[in-house]
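> Output the structure for:
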Amino acid sequence: MFSTIYFAAASALAFDDTPADVASKMLHGQFLDAVRHAARHADTDTAQAQPGYAQLQVCADLELMLGRHEEAEETYRRAQKAIRAHRDGLRIASCRNTGWQALFRNQFNVALSCFKRVGEEKAATPRQRLDSLLGATLVSFHLGLIQAACHRLGELAALAATHGDRRWSYLVDALRRDLFAQHELHGAERLADHIYWRSAIAEFEPSEAPAPGSQPAGTVLPLLAERLSHLSRLVSLADGRTSAGETLKQYVSWSRQAGLNDYHRSLCLEITLAAIAGHATPLAEAMLDASGAANSQGSQHARWYLDYLYCRAKIMQQQMRTQEFAQFYGRYALASIQHVRADSMSMPAAADHMQASRTAQRSDDVSARLPAKYRRAYRYLMDNLDQKDLSVREVASHVGVTERAMQAAFKNHLGLSPSELIRRQRMERIRGDLLDDGAPATRVLDVANKWGVRHRSTLVNGYRRVFQEAPSETMGR
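Sure, this is the predicted structure:
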């Protein structure tokens, strides 16, 4: 997915103490060299020196973008262990890391929930907020939620403008241009029957468009400058100017040599779509074959597989192979319907800049951050939130672990004790009910009682601690 490049740039800018050699190689697209250098920094473990959080974090990010998911998960665990004494930092890191891992697995509902939680954290740094807004913007666009993407892009631009590192402004402006180019490509006349995108995607506001011929603001990031050059050639190809084909192939070749397998496939599919739009059928067929999508086993449920099926069908159509076109297009149409239905689960969370999403739709991000053994404990806890006498001892007993072990697991993976999680989840359930326009009118304390909170002082103090406002203020909106 094209998100890989923006994740890489944000990762390189995330910390002042990221090793300079690693950050430089990332920003110049030398990812295999970068991960080797990062691994050396991360594997330093002597009595005199141990790897710091930033060194481990950037190493895990590189492993994730290179498709080494199991290695990345283990390195993220080491990074979080390095800051477990700082509970706020651990909680934010846990949300952030789970969010990006979920995005790379196309688990968009979980990713959005994680990024939103980072944004809600008072202890989050400006860079952490920039990172989470970037993730939320990308997810919104992948779901075709243009208004939500624009809203978050606006927040991202405003925050980047206040940051001392002007490279963040370049990143945001580059992303804006990327989203518009992607939108323009999917809106091409010859792609009008791409029903997945046409059923979900809306128009950008004209005010959101970058000025024609202008350059992104801020300090140039070479990695993203190359991406923007690629997009310019991609739009030219979609307009029928096939002379851009060879230069586009060179960029694709770089992505393969850099080890970015997901990005390489994404580029091949982008160029295939543009070639179909520009009626350059031989180039479209060559790039679709180069993507390797046809040989990817077990990928039929991946989102990019929709583009593969659609492109294969359209190539057959342009080659006048009517029967094969009908076969592939039928498979594509069925898969599109399945994905649209799955996306509907993410829509409320993606659009929650306009309306708060229900807690039940956000709970999976907590479960995703816990080891398998303790997910049962979390599920039991969530199923019994309405019991006023719910205790940590009861939950631990239910899953067959000691209370102490459960306390340690929750603190190490969530940055919250089980008791704190119970209080927070109850407050989120209460808030969800207060914001539910369809719920019958009732007293605030009655809503609190429903979720096991019996005393007004407990409600007001706990609610204000989480949401920085009183329940009555929420209800009065």
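> Show residues contacting the top helix by length along the chain.
When the chain is scanned for its longest helix (criterion: DSSP state H), the result is helix 322-343. The contact list for helix 322-343, computed with C-beta atoms under 8 Å, 6 or more residues apart in numbering, reads 108, 143-144, 193, 195-196, 199-200, 300, 303, 305-306, 309-310, 312-314, 316-317. Any C-beta I mention is one placed from the backbone N, CA and C, and that applies to glycine too.
> go with 6 Å
Contacts of helix 322-343 from elsewhere in the structure, counted by C-beta atoms under 6 Å, 6 or more residues apart in numbering, are 143, 195-196, 199, 306, 309-310, 312-313, 316-317.
> For stretch 388-396, buried residues please.
With burial defined by 16 or more other C-beta atoms under 10 Å, the residues of stretch 388-396 counted as buried are 390, 392, 395-396.
> Report the separation between M320 and A326.
Distance, M320 to A326, using C-beta to C-beta, to the nearest Å: 12 Å.
> Mind checking which of those two has more residues around it?
The residue with more neighbours, out of M320 and A326 and counting by other C-beta atoms under 10 Å, is A326; that gives 13 against 7.
> excluding its backbone neighbours, what's nearest W254?
With C-beta to C-beta, 6 or more residues apart in numbering as the criterion, W254 has its nearest non-adjacent residue at 6.8 Å, and that residue is G29.
> My guess is the one you found contacts L221. True?
No. Because the distance of 10.2 Å does not satisfy C-beta atoms under 6 Å, G29 is recorded as not touching L221.
> The two: who's more crowded?
Per other C-beta under 10 Å, whichever of G29 and L221 has more neighbours is L221, with 25 against 20.
> ok so, going back, pull the distance from the longest helix of the chain to the chain's centre.
Between the mean C-alpha location of helix 322-343 and the chain-wide mean there is a distance of 25 Å, by C-alpha atoms, centre = their mean, to the nearest Å.
> Over to stretch 396-406?
From the chain centre to the centre of stretch 396-406 is a distance of 32 Å (C-alpha atoms, centre = their mean).
> first vs last residue of it, how far apart are they?
Looking at stretch 396-406, the gap from its leading to its trailing residue is 6 Å under the measure C-alpha to C-alpha, to the nearest Å.
> cool, and stretch 409-418?
End-to-end distance for stretch 409-418: 9 Å, by C-alpha to C-alpha.
> residues in contact with that stretch?
Identification of contacts with stretch 409-418 by C-beta under 6 Å, 6+ apart yields 84, 87, 90-91, 94, 369-370, 374, 392, 406-407.
> Just the mean pLDDT for stretch 381-399, thanks.
Regarding stretch 381-399, the rounded mean pLDDT is 86.
> what's the answer for stretch 246-263, then?
When pLDDT is averaged over stretch 246-263, the result is 95.
> buried stuff in it?
Burial within stretch 246-263, assessed by neighbour count using 16+ other C-beta under 10 Å, is assigned to 248-249, 251-252, 254-256, 258-260, 262-263.
> Alpha carbons of it, as CSV, please.
Taking Å, rounded to 0.1, in the frame of the first residue of the first chain, the C-alpha atoms of stretch 246-263 are listed here in CSV:
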residue,chain,number,x,y,z
GLU,A,246,9.8,3.6,-18.8
THR,A,247,10.4,6.1,-15.9
LEU,A,248,7.5,4.6,-14.0
LYS,A,249,9.1,1.1,-14.4
GLN,A,250,12.4,2.5,-13.0
TYR,A,251,10.7,3.6,-9.8
VAL,A,252,9.0,0.2,-9.5
SER,A,253,12.4,-1.5,-9.9
TRP,A,254,13.8,0.7,-7.0
SER,A,255,10.9,-0.4,-4.7
ARG,A,256,11.7,-4.1,-5.3
GLN,A,257,15.4,-3.6,-4.7
ALA,A,258,14.6,-1.6,-1.6
GLY,A,259,12.8,-4.7,-0.1
LEU,A,260,9.4,-3.0,0.0
ASN,A,261,7.4,-5.9,-1.3
ASP,A,262,3.9,-4.5,-0.4
TYR,A,263,4.8,-1.1,-1.8
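> hmm, who's touching that stretch?
4, 29, 31-32, 66-67, 230, 233, 264, 267, 271.
> ok, A79 touching Q57?
Yes. Counting by C-beta under 6 Å, A79 does reach Q57; the two are 4.6 Å apart.
> Compare these two (neighbour count), which wins?
A side-by-side neighbour count of A79 and Q57, using other C-beta under 10 Å, places Q57 first with 27 against 24.
> Torsion angles phi and psi at that one?
In this entry, Q57 is assigned phi and psi values of phi -60, psi -50 (degrees, to the nearest 10).
> Residue numbering should commence at 549 henceforth.
Understood, numbering begins at 549; the last thing we discussed is Q605.
> Please name the residues that touch it.
Under the criterion of C-beta under 6 Å, 6+ apart, the neighbours of Q605 are A627.
> Identify those among the buried residues of stretch 794-811 that sit within helices.
Assignment to helices by DSSP H places the following of the buried residues of stretch 794-811 there: 796-797, 799-800, 802-804, 810-811.
> Redo those as CSV? Include distance to L719.
Rendered in CSV, the data for these read as follows (distance: C-beta to C-beta, whole Å):
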residue, distance to L719
L796, 23
K797, 26
Y799, 19
V800, 22
W802, 20
S803, 19
R804, 24
D810, 20
Y811, 16
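> you'd agree G683 is up against F663?
Yes. With contact defined as C-beta under 6 Å, G683 counts as touching F663 (4.4 Å).
> Mutual contacts of these two, please.
Residues touching both G683 and F663 (C-beta under 6 Å, 6+ apart) are G647.
> Counting neighbours, go ahead and name the busier of the two.
Neighbour tally, G683 and F663, criterion other C-beta under 10 Å: the higher count belongs to F663, 30 against 27.
> and the more buried one, which of the three is it?
Three-state call for F663 (DSSP: H, G, I helix; E, B strand; the rest coil): helix.
> quick one: it and A838, what's the gap?
As defined by C-beta to C-beta, F663 lies at a distance of 33 Å from A838.
> Just among the contacts of stretch 957-966, which is most surrounded?
Neighbour counts for these (other C-beta under 10 Å) peak at S642, which has 27 neighbours.
> And that residue, what's its pLDDT?
Per-residue pLDDT puts S642 at 93.
> Could you tell me the end-to-end distance of stretch 662-680?
Note: stretch 662-680 ends 8 Å apart using C-alpha to C-alpha.
> For that stretch, list every residue counted as buried.
Residues of stretch 662-680 classed as buried: 662-667, 669, 672, 675-680 (neighbour count, 16+ other C-beta under 10 Å).
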